[in-house]
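>>> Okay, predicted coordinates and the sequence, questions at the end:
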Amino acid sequence: MNSKLINGTPRTNTQRVLHFFIIGSLLFAALSVHANTETEKKEALILARSAGTAFAVNEQGYLITSNHIIQNADDIVIFSSEGSMGWRGKVVKVNKKFDLALIKIDAVTKANPIAIWNTVPNGLEIFAFGFPNPSIQGRELKITSGLVNSLEGLTTKAGVFQFSAPIQRGNSGGPVVGSDGTVIGLISGKLEGRSDKRNSETLQNVNFALRSEELVKFLSAADVTYTAKSLDLSKLKRSHELFQEMSPGIYSVVAIRGTMSQKESMPSVELVEMIGRLPNDQKPKLNGAFKAGFDELLNLGSEQILLKSESISFNRATPTIRSFDFIISLSAPRKIKDNLYTSMINSAKFDCKNNTILIIRQEHKKEAFGTGETLSAIKRRADVKEDFKVLGSKLLTQFFFNNVCQTIDNGRLVKDLIQ
């Protein structure tokens, strides 16, 4: 039956729908063959350069974070660790010397108590919270554990201490918490992998956080309410208990540089490199796809995937389901209805929670990169139950997840995410 459908035997409406799903499954299975030939997708620009963590200091919507995350931002969007919707953040006060920023959101927040610094002992077991590398590790809140290694930090930077809980890009601004649930510091950075020129040693797991006493000074100067308390080592909590307790008061921060109302599409690095490698007769086709809004590219060798960032949308009732458009371009033509097609333009839905996909519409094109004559257009019937499928390629799944679920530099999408 599959061969009859592919070879173009006349079809009923039911057969056409079946053909639509078979073609899609075959292409996605084919993509998996080339999954090990391509390096991982680079982090999205917005997330790589402008994302971090914040935590609430009172119930009135005041959050504290690192200033370098939001510095020179045109818009700031704050996301709860427990939901998909966000709030627009307003900068209330900054302290560039200590790299601190106070942000206000229009929401009731769960306050995190701040430790009186002279009650914090060296060697204290601690936990670091944050949203590290969200385009790679996902947008869920992460927790790591370690110790206070030293109550002193860098000789060149006042007010910091050293700790060993692993951190990554995106942890900046997050809380370092004692076992009783009290914040003892704010994550500021690390020296992981840097060489000490004086003795040629490689520094390992050297992380720093701003002391709680600097947070107290900053909040007092901003004239906002907060709770300062002594560390209570008689009330030690297990890591999973702390995670449940702390999660509601910790937020991810996304700073957007450039207006959200109108953001000019820029080609990805991969797309620019691909244009440079193409034969001259193919370059206008890829350039035409970019001009049509397909600005992200994944090169899988014999197939290229082009994604249209501005097409990403969702329904507020189901924010984890994202609708979007993408092109599959083939290096060698394939047959449909006795015609050869070289690319397909697809409309799809992606489930960001389960990493599955549902193809809504496919349009087969004669030429590469979604250009040329339309040979066939198949649309999913509305009365057919939605059946999301797992993709055959982990690399393709990650590409869609990164660009459809994690990247929020699409201005219209960001505004839709704000409550």
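Perfect, thanks for sending it. Residues are numbered from 1 along each chain as shown.
>>> Going by C-alpha atoms from here, please, whenever you check contacts or count neighbours.
Noted.
>>> neighbours around S247, how many?
Applying other C-alpha atoms under 10 Å, we find 20 residues neighbouring S247.
>>> now it: how far from P175?
Counting by C-alpha to C-alpha, to the nearest Å, the gap from S247 to P175 is 11 Å.
>>> Same check on R211?
Taken as C-alpha to C-alpha, the span from R211 to P175 is 10 Å.
>>> Mutual contacts of these two, please.
184-186 (C-alpha atoms under 8 Å, 6 or more residues apart in numbering).
>>> who has more neighbours, R211 and P175?
P175 (31 against 26).
>>> Let me know the secondary structure of the residue nearest to that one when sequence neighbours are not counted.
Of all residues not flanking P175 in the chain, L186 sits nearest, at 4.7 Å (C-alpha to C-alpha, 6 or more residues apart in numbering). Look at L186: counting by DSSP: H, G, I helix; E, B strand; the rest coil, its state is strand.
>>> Near L186, how many other residues are there?
Neighbours of L186 (other C-alpha under 10 Å): 31.
>>> and the shared contacts of R211 and P175 as JSON lines, adding pLDDT and distance to E310?
Shown next, in JSON lines, are the shared contacts of R211 and P175 (pLDDT from 0 to 100; distance: C-alpha to C-alpha, whole Å):
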{"residue": "I184", "pLDDT": "97", "distance to E310": "42"}
{"residue": "G185", "pLDDT": "97", "distance to E310": "39"}
{"residue": "L186", "pLDDT": "97", "distance to E310": "35"}
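>>> Now tabulate those in JSON lines and tack on distance to F163.
Shown next, in JSON lines, are those (distance: C-alpha to C-alpha, whole Å):
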{"residue": "I184", "distance to F163": "11"}
{"residue": "G185", "distance to F163": "10"}
{"residue": "L186", "distance to F163": "11"}
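>>> residues in contact with the residue nearest to P175?
65, 172-176, 209-212, 215.
>>> out of the shared contacts of R211 and P175, who's nearest I275?
I275 has its nearest neighbour among the shared contacts of R211 and P175 in L186, at 43.9 Å by C-alpha to C-alpha.
>>> What separation do you get for that closest one and T371?
51 Å.
>>> now swap in E152 and tell me
On the measure of C-alpha to C-alpha, E152 and T371 end up 61 Å apart.
>>> more neighbours, the two?
Each of E152 and T371 has its neighbours counted (other C-alpha under 10 Å); T371 has more, 20 against 17.
>>> Show me the contacts of L186 that map onto helices.
212, 215 (DSSP state H).
>>> a markdown table for the contacts of L186, including pLDDT and distance to F324?
Shown next, in a markdown table, are the contacts of L186 (pLDDT from 0 to 100; distance: C-alpha to C-alpha, whole Å):
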| residue | pLDDT | distance to F324 |
| --- | --- | --- |
| T65 | 97 | 33 |
| S172 | 92 | 31 |
| G173 | 95 | 32 |
| G174 | 96 | 32 |
| P175 | 97 | 35 |
| V176 | 97 | 38 |
| A209 | 94 | 40 |
| L210 | 95 | 42 |
| R211 | 96 | 44 |
| S212 | 97 | 44 |
| L215 | 97 | 43 |
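>>> Considering the contacts of L186, which possesses the most neighbours?
Most surrounded of the contacts of L186: other C-alpha under 10 Å gives G173, at 35 neighbours.
>>> so who does it touch?
52-55, 64-66, 130, 186-188.
>>> ok, and what's touching stretch 327-337?
With C-alpha under 8 Å, 6+ apart, stretch 327-337 has contacts from 6-9, 302-307, 340-346, 368-370.
>>> Can you turn the buried part of the residues you listed into a ChimeraX selection?
Command for ChimeraX that selects the buried part of those, burial taken from 16 or more other C-alpha atoms under 10 Å:
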select :6,303,304,305,306,307,340,341,342,343,344,345,346,368,369,370
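>>> ok, which stretches of the stretch 201-350 of the chain are strands?
201-202, 207-211, 228-229, 250-256, 294-299, 303-315, 318-336, 339-351 (DSSP state E, counting those that start in this stretch).
>>> nearest to A158, of those strands?
Here strand 207-211 is closest among the strands of the stretch 201-350 of the chain (C-alpha to C-alpha), at 8.6 Å.
>>> chain center to that closest one: distance?
Offset of strand 207-211 from its chain centre (C-alpha atoms, centre = their mean, to the nearest Å): 25 Å.
>>> neighbouring strands for that strand, and are they parallel or not?
Taking DSSP bridges as the criterion, strand 207-211 forms sheet pairs with strand 160-163 (antiparallel), strand 183-190 (antiparallel).
>>> can I get these in TSV with distance to F294?
What follows is those, written out as TSV (distance: least, C-alpha to C-alpha, whole Å):
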stretch	distance to F294
strand 160-163	44
strand 183-190	36
